[in-house]
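1. Build me a structure from this.
(chains A and B, ligands or ions: 1)
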Amino acid sequence: MRFEALTGQETKTVHRAALQILEEVGLHLPPASTLAGRLREAGLQVTPEGRLHLPASFIEAALAKAPRVVRLGGRDGRETAVLDGRRTFITTDGCGAWTIDPESGERRASTLDDVARSARLTDALEHYQVYWMMVSAGDAPLPLRTAREYLTAARNTTKHVQMIDVHRPEEAAAIVKMARALRESGAATDAPVSMLNSVVSPLRLDPGGCEAALAFAAAGLPVAACSMPIASVTAPATAPGSLLMSHAEIIGFTALVQTLYPGAPVIYTGFPAFADARTGITNYRDPRRWWAAAAATQMGQSVRLPVFTSGELASLLEHPDMLCFGGLLEVSTVLSFEQLVIDHEIVRDMLLSAAPQPVDDETLGVDAVREVGPGGHFLSRRHTLRHIREFVVPKFSEPARPVERAEQDAARGSPGDAARREALRLIATHAVPPIDARAAAAMERVADGPEPARPETRARSSPPAKS
Amino acid sequence: MDGAALYGAIRAAVVEGDAERAGALAGEALRAGLDPLEILDRGFTSSLRHVGSCWEKGELYLPEMMLAAEAVKAGLAVLKPRLSAAGASKAGGAAPLVCVMGTVAGDIHDIGKNIVGTLLEAIGVRVVDLGTDVEASRFVGAVREHGANLVGMSALLTSTMPAMRQVVEALEAAGLRRGVRIAVGGAPVTKAFAQEIGADGTAADGMGALRLFQSLAAKEVPGAV
Ligand code: B12
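-> Here you go, the predicted model:
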């Protein structure tokens, strides 16, 4: 199925406008930063005010160096998500400073335990292929927080982990070391971890985040080059305006990465968004977001990069390589385990709803119609038997059922309660193979930092569920 | 236009966010011989209050409120020389209000800070905006340099919230803490956190921030009315 948010001509119009913005307005970065120094060394001109004007010819030449296919590996060599345009891989949402405690229902600060449990739950849910760091662990001391988050996630899922809260080069260096340990042990064949870095809309580069991303690129670890403009706040107040800002920022940043590290794996990560008109806070419920995500997918495809977006069904119909959906509430700030289980069911349904339905003799079932004739039913036909397993059975989204069953279920709580029980069951019973022992030891050394960790912190960084 | 008509026109200009007209009307009101303090109060401050309450009721959207604030600022700019000539600024009291604002070290989120800064300017506070990723020492330097009596900090990352405590401590170490009132904000900041780090308050949105700063200034800043 295909839904065209933009015509071919419109794609070109947006791209041309983005090139014009990058050349005329340019990007801004602190002129005295290490990043500015590196870009100057690479032959780019950063003005004394920190303006970086990027001509169209430069952008096009740099984009041409980026690979079309990016591989996101698991930590044990299986489950590589190959972003080659043929399939959409789903990631969880991230990264919540708060968590709804699955036992007490209390809304509290997120911890490393929540990283462990959400990673384990994601590992158990088959339609998620990538674990986006779901929370920021408030109990892990800075500056080693992100290293501990990664180690904890890697212990609890073999799936690829994408870090989204790394924004300092030291943090990136630690994670790069851990990834190297996994690769050198022979356990991981493809990059087991990647990171997301956002351009600061409108048109500003965060030197810390960019340096961190460059450390990943230097090590061959994929970078999600991200832009999340908010229409009316950090982008023009229209859907195409938000799209334009995200396209300009992503290709601008990608071109810089390609200039310093030609051929480095970069994912076009477009999350054009809209404000809540009353408060200026991102409003995920603006329905134009779906159009914008679908359009961003087309824009990424038009510059031949793997595409990552969020925006549910409409964007899925445009076949992005990666789609972020599920598990967080309140504009991605609160982790809810039951929501992740419910969203997983929705993900499955979204994937199915966008799947092609081939039309042929078998699927038309003309023979079955002939056999049944007028009246009667299809329940006991061989044809039905062949296809009945293709049907999805809703578990958490209000199945239709007899009155008596419904009453029994109600007594046991809402569908949310059932999802919460399922989350806790999976966390307790789902087994995740341990990290290769040598790699794990090396990773722990990195996560412990120069000083030995306090015993309390150590205990917390190990998964709570059986491991 | 007589006084009442002028005040009506000023309110309309503010509500429509027309900065140019608001500035022109402020000039016209002065030429008509109206008292600068009264123009400020009945013309601009009350219009801003009206706009703020419409926003709080959900009748106005954020960009409409921001443009209204810009219109009030334009009027204020015209009135200012005459207000200081009158010897006192109603908005500023005896000591003019100067607020050093910034997003703390390691953090680049600035949308919330910019909203709060614009609204503060509309009530006559001079805002010294240090931008984003601001080290504690720069807050201290700016408070000293500009004789600030208010400090506003913003943080959106849980990993940069501790930097707010460092600013409070640095101001203390520099002997400047007693002369300033400190407000902190940003989505993850709570009242309990503000209290814990020794700040004077927090607010969850722009209008709340405005009220907070006004109450901090009115009650506690040495020399303020
Ligand atoms: C927009 C946004 C961005 C934009 C920022 C653009 C810009 N110019 O500011 C971009 C895309 C650049 C960005 C980047 C990043 N972001 Co961000 N971002 C957000 C988002 C979606 C909205 C923030 C916002 O602008 N809100 C709108 C304004 C109006 O609200 P506000 O800031 O809260 O301000 C109001 C009040 O708080 C108050 N207030 C604010 N300041 C002050 C000050 C005082 C004194 C007072 C009294 C009141 C007050 O009044 C304001 C007006 O109403 C939040 C999610 C969220 N729900 O908050 C994530 C979020 C804050 N970001 C997050 C992350 C992880 C990042 C990155 C690390 C991602 C990356 N890897 O690149 C980087 C940060 C890099 C860095 N060094 O800081 C996380 C933080 C998680 C955590 N654990 O803390 C969040 C929660 C998203 C998420 N769920 O993952 N981000």
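
2. In space, what's closest to whichever residue of chain B sits closest to chain A - neighbours in sequence excluded?
-> Among the residues of chain B, residue B:61 lies closest to chain A, at 4.1 Å counting by C-beta to the nearest C-beta. For glycine as for every other residue, the C-beta is placed from the backbone atoms N, C-alpha and C. Distance criterion C-beta to C-beta, 6 or more residues apart in numbering or on different chains; nearest residue to residue B:61, sequence neighbours excluded, is residue A:277 at 4.1 Å.

3. can you tell me which residues contact the one you found?
-> A:232, A:283, B:61, B:62, B:63 (C-beta atoms under 8 Å, 6 or more residues apart in numbering or on different chains).

4. Now the first one: closest residue in space, sequence neighbours ignored.
-> If I follow you right, that is residue A:232. Nearest non-adjacent residue to residue A:232 (C-beta to C-beta, 6+ apart): residue A:275, at 4.7 Å.

5. And for the fourth one?
-> Residue nearest to residue B:62 in three dimensions, not counting chain neighbours: residue A:280, with 4.8 Å by C-beta to C-beta, 6+ apart.

6. Am I right that that neighbour is in contact with residue B:113?
-> No - between residue A:280 and residue B:113 there is no contact under C-beta atoms under 8 Å: 11.6 Å.

7. Comparing these two, which residue is more hemmed in?
-> residue B:113 (28 against 23; other C-beta atoms under 10 Å in any protein chain shown).

8. so what pLDDT did residue 208 get?
-> Since no chain was named, I'll use chain A. Predicted confidence (pLDDT) for residue A:208: 95.

9. if you could check chain B rather than the one you did, that'd help
-> 93.

10. I'd like the secondary structure assignment at it, please.
-> Recorded secondary structure, residue B:208: helix (DSSP: H, G, I helix; E, B strand; the rest coil).

11. picking up where we left off before, just the contacts of residue A:277: which are in helices?
-> Among those, the members found in helices (DSSP state H) are B:62, B:63.

12. I'd like to know how many residues surround residue B:1.
-> 12.

13. Give the helix, strand or coil label for it.
-> Per three-state DSSP, residue B:1 ends up coil.

14. List buried residues within the contacts of residue A:277.
-> A:232, A:283, B:61, B:62 (16 or more other C-beta atoms under 10 Å in any protein chain shown).

15. Looking at those residues, spot the one nearest the ligand.
-> residue B:62 (7.8 Å; C-beta to the nearest ligand atom).

16. thinking again about what came up before, please determine how far the residue of chain B closest to chain A is located from residue A:292.
-> Residue B:61 sits 19 Å away from residue A:292, going by C-beta to C-beta, to the nearest Å.

17. cool, residue A:122 as well?
-> Distance from residue A:122 to residue A:292, by C-beta to C-beta: 26 Å.

18. Show me which of those two is the more surrounded one.
-> Between residue A:122 and residue A:292, counted using other C-beta under 10 Å, the more crowded position is residue A:292 (30 against 27).

19. Identify the residues contacting the more buried one.
-> Contacts of residue A:292 by C-beta under 8 Å, 6+ apart are A:5, A:239, A:242, A:243, A:246, A:272, A:273, A:274, A:311.

20. And it, which helix or strand is it part of?
-> Element membership for residue A:292, per DSSP states H and E: helix A:288-302.

21. Briefly note if that helix comes near the ligand.
-> No - taking C-beta under 6 Å from any ligand atom as the criterion, helix A:288-302 and the ligand are apart, separated by no less than 12.5 Å.

22. tell me how far that helix is from the chain's mean position?
-> In terms of C-alpha atoms, centre = their mean, to the nearest Å, the centre of helix A:288-302 is found 15 Å from the chain centre.

23. Can you verify my assumption that residue A:346 contacts residue A:326?
-> Yes - shown here, residue A:346 and residue A:326 form a contact pair, counting by C-beta under 8 Å, at 7.2 Å.

24. all strands of the stretch 301-450 of chain A, in order?
-> A:307-309, A:322-324, A:328-329, A:334-336 (DSSP state E, counting those that start in this stretch).

25. Point out the most buried one among those.
-> strand A:307-309 (a mean of 29; mean count of other C-beta atoms under 10 Å in any protein chain shown).

26. That one and the ligand, any residue contact?
-> No - legend: contact between strand A:307-309 and the ligand by C-beta under 6 Å from any ligand atom is lacking; minimum distance shown is 13.1 Å.

27. Much appreciated, bye for now.
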